[in-house]
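Undergrad: Build the 3D model from these lines:
(2 chains)
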2 protein chains.
Amino acid sequence: MSALAPVLARLDADLGASLERLFSLIRIKSISTDPAYADECRRAAEWLVADLKSIGFDASVRDTPGHPMVVAHHDGPAGAPHLLFYGHYDVQPVDPVELWHDDPFAASVKEIEPGRKVITGRGSADDKGQLMTFVETCRAWKAVHGSLPCRVTILFEGEEESGSASLKPFLTANAEELKADFALVCDTGMWNRETPAICVGLRGLVGEEIVVKAANRDLHSGEFGGAAANPVRILAKVLADIHDANGRVTIPGFYDGVEETPSQVLQSWETLGETAESFLGPIGLSQPVGERGRTVLEMVWARPTAEFNGISGGYTGKGFKTVIAAEASAKVSFRLVHSQDPAKIREAFRAFVRERIPADCSVEFHPHGGSPAIQLSYDAPFLAKAKQALSDEWPKEAVLLAMGGSIPIVGNFQHMLGMKSLLVGFGLSDDRIHSPNEKYDLASFHKGQRSWARILDALTQ
Amino acid sequence: MSALAPVLARLDADLGASLERLFSLIRIKSISTDPAYADECRRAAEWLVADLKSIGFDASVRDTPGHPMVVAHHDGPAGAPHLLFYGHYDVQPVDPVELWHDDPFAASVKEIEPGRKVITGRGSADDKGQLMTFVETCRAWKAVHGSLPCRVTILFEGEEESGSASLKPFLTANAEELKADFALVCDTGMWNRETPAICVGLRGLVGEEIVVKAANRDLHSGEFGGAAANPVRILAKVLADIHDANGRVTIPGFYDGVEETPSQVLQSWETLGETAESFLGPIGLSQPVGERGRTVLEMVWARPTAEFNGISGGYTGKGFKTVIAAEASAKVSFRLVHSQDPAKIREAFRAFVRERIPADCSVEFHPHGGSPAIQLSYDAPFLAKAKQALSDEWPKEAVLLAMGGSIPIVGNFQHMLGMKSLLVGFGLSDDRIHSPNEKYDLASFHKGQRSWARILDALTQ
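TA: Numbers count the residues shown, from 1 in each chain, chains lettered A, B, ... in the order given. Okay, here's the model as predicted:
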């Protein structure tokens, strides 16, 4: 505790100055998707390099074919872990700008309800405010102790909002330099304003487009209807067979590699109070369609799925056409968890489909992406330490959650650099990222800094 | 037999002149869909009126908002039936004209294989050649006997190839004048070059578009996949449930009103030699998908169907989008036979679908058309007479067949004028109607005339 307390005190005392620094960064219009703002992106990278240098980092702007990366290094004591911190300095466009209450690039603090202050501006939450929480922690630690408690590498990307075209080549070219013991990724959120969160699982994805082909041309349904195979009928049967009456996927071997979530984790999810009604109500639904007997959070965080993302066949315009199509197609995706193998899932699905295609018809498969799930072991020591650190800072205990979607950088770190990621962030669901009037709670910014100080302290004990 | 023989002899003797008359009609470019040919359509109607007047008909061009109708009347002996003969004088466009071997409007006779002569030109088969078979029969009968054997009304339409917009209003306005004991419709074909055919059944049609709605917006399949209802999945299940493993439609009450086809009719169909291979082979298929245990001809001529004419939902463009759609839709049609009730089928289908929609989702139905089947009673006396008359003229016995599709005029006659139709025509499957190089076999034209003479004689005995 001796090392931590003065850092926390320093962060509290320096809040006003740290806000001014964040404002300076927000004012730089680093919209990565619009080439007109390329200079602004470089300015943001240069601003960060200068700021990191002022702390004592060995920082540099690193050119790419797109917007530059920022890479910075700071030594730590021997024996302490080496951490890579990731964030992105680029932001989304601000259109429609007339919906903003304030200039999107004139950062300020506003009180939106009694006792709740927020930082306004594009990038305040995504991701400038988030990445600066860590930078401020490093600054405070260095100021108080003259050193950092561990070796830290920082990677700030400038193309996260525009496709990250330069990221993989950069990771490949600089793998040796960037490889750390694990990564801290600060681009996620809290469960709610009182409850911090660590994301320990991200579902993988396998996409398949299937095209069922029957007759060698479109047919008149009067002439051939009742005798000739209809690919829409075949496709509907294939898709209908994929789930059983209990919401379980019927493809043989589909659940190989799926683990049961530890009961204490399931219990902690139950305490979050998310119900089918609260989860589905806002989208106009009420009945979860996943495996019977599992909670809605388990369905989206810890269970694999088969989804039908698109279907098309025959006449789909206005009115009616009595046609039997020559072919029909569907886009099917599988969200994977734990150690499900994307290649095996794809093959099992294809075999399942082929079995259901009549002998005089055929099917084509077009693969679209395949990535395994990311899952931190629930009993990883650094995870327990980070969870305790967050719980110490916030009113409620930190929750280990998962996300139904994917975050590409985490997969890249794992598969390209062999490095696991700790996903911690302080965003809130009402931050309106990518939308007009983006904000970041002042509490997220301030207690986010304090959280990182606690996490660094805990991880280096 | 005394009345018939001289008429047949006269038709044989007059073949050359009858061909010249048909050529004159073919030369008139009565393309109904192209307004540039409106005058030509009127010329064709006027030509027909003049020709019918020359035989002794009370004929007139009757204006409509579109192309004119031709209506003609000729008295017959008291006690004989009153027949309405229907045909159409308009033709399809000739594009692409460069694919024609001869000028499409310069009719001629060509020998296409040893002993097989054909009449070339647009409309030679559809429907100018066909309608002139009956006109020539009337001419010959009148020339030989000075009278016709029964009262005959003729209706020639000029918009059959362009939607028949004026037909229903004209039938309504002139119902009294046009109503006969039954109609002769000459716009169909033979089974093959040796086997004449009478079409006794036309399937009805019920079309329904269903739209399954789930969430109130498109969802990200990472965030909600596994928990939120997917309308494509619901729709696939609904459609898959409509047929059982034996190809039978499972909707309760669906087969109400479906009769078994008389065994002697089924036997006559079997003698036609149509197999699953011969029927499905040309379209690249081999396995009939209708009710198990029935022949392919029974499936398309005498059994009802449920077909899926179109399906659409979610992302259907190139590539992939991990979306869960808010809605998905399908166009479903039912071909009806015998006395199935379109309204009851529609309601039974809707109930079947509603039962399968989860409580938090919904479904919308959009009706598209509904018409009952047309079915002549297999033991109608005039049917037996016509069948015998055709069998007397051609090398093989006439077959009573059905058609999988619909012919609107037949439904209009039945439902608007309370008049059944005898569908007899002499077209062949290689006539290339609607395509370049349309032709009509000289045998169809000549023996078609003789067939009508035999039919008139048989029906008026």
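
Undergrad: Return the residues in contact with the spatially closest residue to residue A:269 that is not a sequence neighbour.
TA: Distances taken as C-beta to C-beta, 6 or more residues apart in numbering or on different chains place residue A:297 nearest to residue A:269, at 4.8 Å, with adjacent residues excluded. Yep, even glycine has a C-beta here, placed from its N, CA and C like the rest. Residues near residue A:297 by C-beta atoms under 8 Å, 6 or more residues apart in numbering or on different chains: A:269, A:272, A:274, A:279, A:401.

Undergrad: Using PDB, write down the CA coordinates of whichever strand or helix holds the first one.
TA: Assessed by DSSP states H and E, residue A:269 sits inside helix A:263-270. Listed in PDB are the C-alpha atoms of helix A:263-270, where the atom choice follows Å, rounded to 0.1, in the frame of the first residue of the first chain:
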ATOM      1  CA  SER A 263     -20.800 -21.600 -11.000                       C
ATOM      2  CA  GLN A 264     -19.300 -18.700  -9.000                       C
ATOM      3  CA  VAL A 265     -19.100 -16.700 -12.300                       C
ATOM      4  CA  LEU A 266     -22.700 -17.600 -13.200                       C
ATOM      5  CA  GLN A 267     -23.700 -16.500  -9.700                       C
ATOM      6  CA  SER A 268     -21.900 -13.200 -10.100                       C
ATOM      7  CA  TRP A 269     -23.700 -12.600 -13.400                       C
ATOM      8  CA  GLU A 270     -27.000 -13.300 -11.600                       C
END
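
Undergrad: tell me the mean pLDDT for whatever helix or strand comes next after it?
TA: The first helix or strand that comes after helix A:263-270 along the chain, using DSSP H and E, is helix A:276-280. Averaged across helix A:276-280, the pLDDT comes to 95.

Undergrad: For helix A:276-280, name the packing helices and strands.
TA: Helix A:276-280 sits against helix A:296-302, with contacts defined as 3 or more C-beta pairs under 8 Å, 6 or more residues apart in numbering or on different chains; DSSP states H and E.

Undergrad: What's the first helix or strand after the helix it packs on?
TA: Following helix A:296-302 toward the C-terminus (DSSP H and E): strand A:305-314.

Undergrad: Now do that following strand against strand B:305-314, angle only.
TA: Interaxial angle of strand A:305-314 relative to strand B:305-314 (axes from the mean of the first three to the mean of the last three C-alpha atoms, to 10 degrees): 120 degrees.

Undergrad: picking that back up, drop anything exposed from the contacts of residue A:297.
TA: Neighbour counting by 16 or more other C-beta atoms under 10 Å in any protein chain shown classes A:269, A:272, A:279, A:401 among the contacts of residue A:297 as buried.

Undergrad: I'd guess the last one is in a strand, am I close?
TA: Yes: secondary structure of residue A:401 (DSSP: H, G, I helix; E, B strand; the rest coil): part of a strand.

Undergrad: OK, contacts around the residue lying closest to it once chain neighbours are set aside?
TA: Nearest residue to residue A:401, sequence neighbours excluded (C-beta to C-beta, 6+ apart): residue A:197, at 5.2 Å. Going by C-beta under 8 Å, 6+ apart, residue A:197 touches A:188-191, A:390, A:398-401, A:424.

Undergrad: run the last query once more with 10 Å
TA: Shown in contact with residue A:197 (C-beta atoms under 10 Å, 6 or more residues apart in numbering or on different chains): A:188-191, A:272, A:387, A:390, A:394, A:398-401, A:403, A:423-427.

Undergrad: Narrow those residues to those in helices?
TA: A:387, A:390 (DSSP state H).

Undergrad: Could you work out the most separated pair of the buried ones among the contacts of residue A:297?
TA: The span of the buried ones among the contacts of residue A:297, defined through C-beta to C-beta, is set by A:279 and A:401 at 13.0 Å.

Undergrad: For the one residue in the stretch 201-350 of chain A that gets nearest to chain B, give me the pLDDT.
TA: Chain B sits closest to residue A:222 of the stretch 201-350 of chain A, with a gap of 2.6 Å, by C-beta to the nearest C-beta. Here, the pLDDT recorded for residue A:222 equals 85.

Undergrad: Is it in a helix, a strand, or coil?
TA: Residue A:222 - assigned by three-state DSSP - is helix.

Undergrad: Now do the contacts for it.
TA: Counting by C-beta under 10 Å, 6+ apart, residue A:222 touches A:322, A:324, B:202-203, B:205, B:300, B:305, B:307, B:333, B:335, B:403-407.

Undergrad: So what does the most centrally placed residue in chain A have for phi and psi?
TA: Nearest to the geometric centre of chain A sits residue A:407, at 3.5 Å (C-alpha atoms, centre = their mean). When read as degrees, to the nearest 10, the backbone of residue A:407 gives phi -120, psi 110.

Undergrad: Bridged to the residue nearest to it when sequence neighbours are not counted, which residues?
TA: The shortest distance from residue A:407 to any non-neighbouring residue, by C-beta to C-beta, 6+ apart, is to residue A:202 (5.9 Å). Beta-bridge pairing for residue A:202 (DSSP bridges): residue A:374, residue A:403.

Undergrad: so who does residue A:202 touch?
TA: Residues in contact with residue A:202 (C-beta under 10 Å, 6+ apart) are A:188, A:301, A:335-337, A:371-376, A:402-408, A:410-411, A:414, A:421, A:423, B:222.

Undergrad: now these: which count as buried?
TA: Buried among the contacts of residue A:202 (16+ other C-beta under 10 Å): A:188, A:301, A:335-337, A:371-376, A:402-407, A:410-411, A:414, A:421, A:423, B:222.

Undergrad: that older thread, I'd like the distance from the residue of the stretch 201-350 of chain A closest to chain B to residue B:202, if you could.
TA: Between residue A:222 and residue B:202 the computed distance is 9 Å (C-beta to C-beta, to the nearest Å).

Undergrad: Residue A:173 reaches residue A:63, doesn't it?
TA: No: between residue A:173 and residue A:63 there is no contact under C-beta atoms under 10 Å: 11.5 Å.
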